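1. Let's see this in three dimensions:
(one chain, ligands or ions: 2)
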Amino acid sequence: MAGLPLEAIKSFSDAHPKPSELHFQYGTAGFRTLGNTLDSVIFRVGILAGLRSKKMDGRTIGVMVTASHNPEQDNGVKLVDPRGEMLEASWEAHATVLANAPTTDALVEALEALVINAKIDLSKPSRVVYARDTRPSGPALISALEDGFKALGVEARDGGITTTPILHYLVKAINTKGSSESYGEDSEEGYYTKLSESFKKLISGRTKPSPLVIDCANGVGAHAAAKLSTYLGESLPMILENTATSTTGTLNDSCGADYVKTMQRLPPNLVNVMKPGQRACSLDGDADRLMYYYLDERGLFHMLDGDKIAALVAAFIVELVKLAGLDSEVKVGVVQTAYANGASTKYLAERLPVKCVPTGVKHLHHAAENYNIGVYFEANGHGTVIFSPKTQEKLAQHEPSTPAQSTALNHLINLTQLINQTVGDALSDMLLVEVVLAHKSYSGVEWNSLYADLPNRLVKVVVSDRNSFKTEDAERRLVNPPGLQAKIDELVQRYEAGRSFVRPSGTEDVVRVYAEAAVKAQADELAFRVAGLVYDEAGGDASKRPKEFL
Ligand SMILES: CC(=O)N[C@H]1[C@@H](OP(=O)(O)O)O[C@H](CO)[C@@H](O)[C@@H]1O
Ligand SMILES: [Mg+2]
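-> Ligands and ions are numbered 1, 2, ... in the order given. Got it, this is the predicted structure:
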């Protein structure tokens, strides 16, 4: 039986020592921290990805080096499973164990244990495709990753500098190549061709969209949007902004989807670009999140977040399913998290099934798989639509009885091509939004008026141990610390349309407090009261209590 190539692993590992003082964790978004501390982690991820591929019978695994919307000095890495999905949860724990082995010998021991425990057949081939975003720490980390591949003898394909969703696309395209389920040609060109061709079909005969301003967050989305634009030509005029990918310090700085969602305002450098009535969107640093917004006739800013995208898209798909005569057979459902605006949940729940799941895309994706067509979006703009394999077959085989049914059916089939079903994809989602706006003849104003957002506020509370906060009911209720939920309930019922919940963050060392209420001042007040409760309950130092907490 084949064994691990111990000599190679040892000599490469000695060149990538683990910093002794650091502990790493594969969390919601993979490993993510300061880029210059990640050398050993990324080297080990190279080996892990190879082993994961062997475990999956030699199917290709993806590795993406990015820290998404985080500041430029951060970096990170996440693994992509063969169907283009996030790494299976049990392997997140293996990743954490490997990353924390203190020495080369300990790493070898951990690898040997993993091979036995996960029953990995080392004689299988291992194949990986990898890519990175535009961060300055990227090239050095990629070379550590490549050392990991060399140590194990992985057949590795370099996807270059590209977006997270394109890497997910490549993984799925490679693994379905030549099969009846082929996801598309396994190249970036294949991706742009698939998206642009389906987009052109979907908007043919519609009024040409007015130019769309795209804030590329000074990240890799700038490259991708520029390439996509050459494929789309006149079908979608784009004005690309924040495209300075090689200027240090600009990535995600006062721009990008996370900035817009958190600050609820325009990136400052778009103030002079945007005209009244103009529609725009922001991508994040790895182009998997999307925020839309527009200026009204008076020049006021209005944000159209992930919840608004879900409402727009879900209503459109439900309508098409009905027009195609498939409403008795194809059920559309929506998945949200507790952060979804209460007004969006109400709007959606009046029209179709809505499920609430814990934060993190993998929870949303899995829940969406239970519907024939599942629409999921986090309020922050990460999301997609997935069509079950049976539904895709049904669409392909359905015999429409009228020309109207046939048109709607074709639209649905084209949507299955336009949408990157592997993961949230800012560019694919952007084209999807543009299709719906064109079909409905909506400007930002009509889209925004589907429902009115409830005013809301998100507050971070620094506590000594966020892990002492335990939740249930899709994170909407606290079970620990004991008694705190009852106090929150008591507060909430004093506010009109009040809602508030508290949960520990999975990506930052804080507890998050969310509150909404009928008017903005009340939402703020509720959030700061709950934050005060949390701070005091968690034994926060009275002298350092943030002054805005009530
Ligand atoms: C309130 C919020 O936006 N939380 C984000 C954030 O998770 P936290 O566990 O709340 O830190 O990062 C996740 C990964 O990017 C994202 O999935 C999630 O929506
Ligand atoms: Mg991202």
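2. Which single residue in the stretch 151-300 of the chain comes nearest to ligand 1?
-> Using C-beta to the nearest ligand atom, the single residue of the stretch 151-300 of the chain nearest to ligand 1 is Lys261, 7.5 Å away. All C-beta spots, glycine's among them, are computed from the backbone N, C-alpha and C.
3. Ligand 2 versus that residue, what's the distance?
-> For Lys261, the distance to ligand 2 (C-beta to the ion, to the nearest Å) stands at 12 Å.
4. what mean pLDDT does the one helix or strand that residue maps to have?
-> Following DSSP states H and E, one finds Lys261 within helix 257-263. Per-residue pLDDT values over helix 257-263 give a mean of 96.
5. That one: how far from the chain's middle?
-> Mean C-alpha position of helix 257-263 versus that of the full chain (C-alpha atoms, centre = their mean, to the nearest Å) differs by 14 Å.
6. again, but for stretch 80-91
-> Distance, stretch centre to chain centre, for stretch 80-91: 14 Å (C-alpha atoms, centre = their mean).
7. one step back: what's the first helix or strand after the helix holding Lys261?
-> strand 279-283.
8. Work out the gap between that next one and the centre of the chain.
-> Distance, centroid of strand 279-283 to centroid of chain: 16 Å (C-alpha atoms, centre = their mean).
9. Surely Phe31 touches Gln25?
-> Yes: Phe31 is within contact range of Gln25, at 7.3 Å (criterion: C-beta atoms under 8 Å).
10. who in this protein is up against ligand 1?
-> For the chain, the residues in contact with ligand 1 (C-beta under 6 Å from any ligand atom) are 28-29, 339, 359-361, 378, 380, 505-508, 512.
11. out of those residues, who's nearest Glu548?
-> Ranked by distance to Glu548 (C-beta to C-beta), the residues of the chain next to ligand 1 are led by Arg512 at 15.3 Å.
12. Isn't the closest one up against Gly506?
-> No: assessed by C-beta under 8 Å, Arg512 is found out of contact with Gly506, at 9.8 Å.
13. Neighbour count: these two, which is higher?
-> Legend: neighbour count by other C-beta atoms under 10 Å for Arg512 and Gly506, higher for Arg512 (23 against 14).
14. How much space separates the more buried one from Val108?
-> Noted for Arg512: a distance of 40 Å to Val108, by C-beta to C-beta, to the nearest Å.
15. cool, and Asp296?
-> On the measure of C-beta to C-beta, Asp296 and Val108 end up 62 Å apart.
16. What of Thr245?
-> 39 Å.
17. Output the contacting helices and strands for the helix or strand containing Gln485.
-> Gln485 belongs to helix 484-492 when assigned by DSSP H and E. Counting contacts by 3 or more C-beta pairs under 8 Å, 6 or more residues apart in numbering; DSSP states H and E, helix 484-492 packs against strand 477-480, strand 499-504, helix 520-537.
18. hang on, the earlier thing: which strands and helices sit next to the helix holding Lys261?
-> strand 279-283, strand 290-295.
19. So which of the ones you listed is nearest Gly540?
-> Here strand 290-295 is closest among these (C-beta to C-beta), at 32.3 Å.
20. roughly how far out does the helix or strand where Phe43 lies sit from the chain middle?
-> Under the criterion of DSSP H and E, Phe43 resides in helix 39-55. How far helix 39-55 lies from its chain's middle: 22 Å, per C-alpha atoms, centre = their mean.
21. what helices or strands is that helix leaning on?
-> helix 6-14, strand 31-34, strand 61-65, strand 74-80, helix 89-100, helix 104-117, strand 127-132, helix 138-152.
22. out of everything not next to it in sequence, what's closest to the residue most central in space within the chain?
-> Centroid check for the chain by C-alpha atoms, centre = their mean gives His382 as the closest residue, at 4.1 Å. Distances taken as C-beta to C-beta, 6 or more residues apart in numbering put Gly424 closest to His382, at 4.0 Å, once the chain neighbours are dropped.
23. Tell me who's in contact with the one you found.
-> Counting by C-beta atoms under 8 Å, 6 or more residues apart in numbering, Gly424 touches Pro165, Asp288, Arg289, Leu290, Val361, Phe377, Glu378, Gly381, His382, Gly383, Thr384.
24. ok, it to Leu290 distance?
-> On the measure of C-beta to C-beta, Gly424 and Leu290 end up 8 Å apart.
25. Quickly list what's touching both of those two.
-> By C-beta under 8 Å, 6+ apart, the residues touching both Gly424 and Leu290 are Gly381, His382.
26. dump the residue contacts of Ala225.
-> Ile214, Cys216, Met238, Leu240, Leu283, Ala287, Leu427.
27. Widest-spaced pair of those residues?
-> Met238 and Ala287 (13.8 Å).
28. Tell me which of these two has more neighbours.
-> Neighbours per residue, other C-beta under 10 Å: of Met238 and Ala287, the larger number sits with Ala287, 33 against 17.
29. show me what contacts the more buried one?
-> Thr163, Thr164, Pro165, Cys216, Gly219, Val220, Gly221, Ala224, Ala225, Asp425, Ala426, Leu427.
30. In CSV, list these along with secondary structure, distance to ligand 2 and pLDDT.
-> Listed next are the contacts of Ala287 as CSV, based on DSSP: H, G, I helix; E, B strand; the rest coil; distance: C-beta to the ion, whole Å; pLDDT from 0 to 100:
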residue, secondary structure, distance to ligand 2, pLDDT
Thr163, coil, 9, 98
Thr164, helix, 6, 98
Pro165, helix, 9, 98
Cys216, coil, 13, 98
Gly219, coil, 9, 98
Val220, coil, 10, 98
Gly221, helix, 10, 98
Ala224, helix, 13, 98
Ala225, helix, 15, 98
Asp425, coil, 10, 98
Ala426, helix, 8, 98
Leu427, helix, 12, 98
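31. Could you count how many residues lie near Pro389?
-> 9.
32. Phi and psi next, for it.
-> phi -60, psi -40 (degrees, to the nearest 10).
33. sec struct for the closest residue to it other than its chain neighbours, please.
-> Distances taken as C-beta to C-beta, 6+ apart put Glu181 closest to Pro389, at 7.6 Å, once the chain neighbours are dropped. When classified by DSSP: H, G, I helix; E, B strand; the rest coil, Glu181 comes out as coil.
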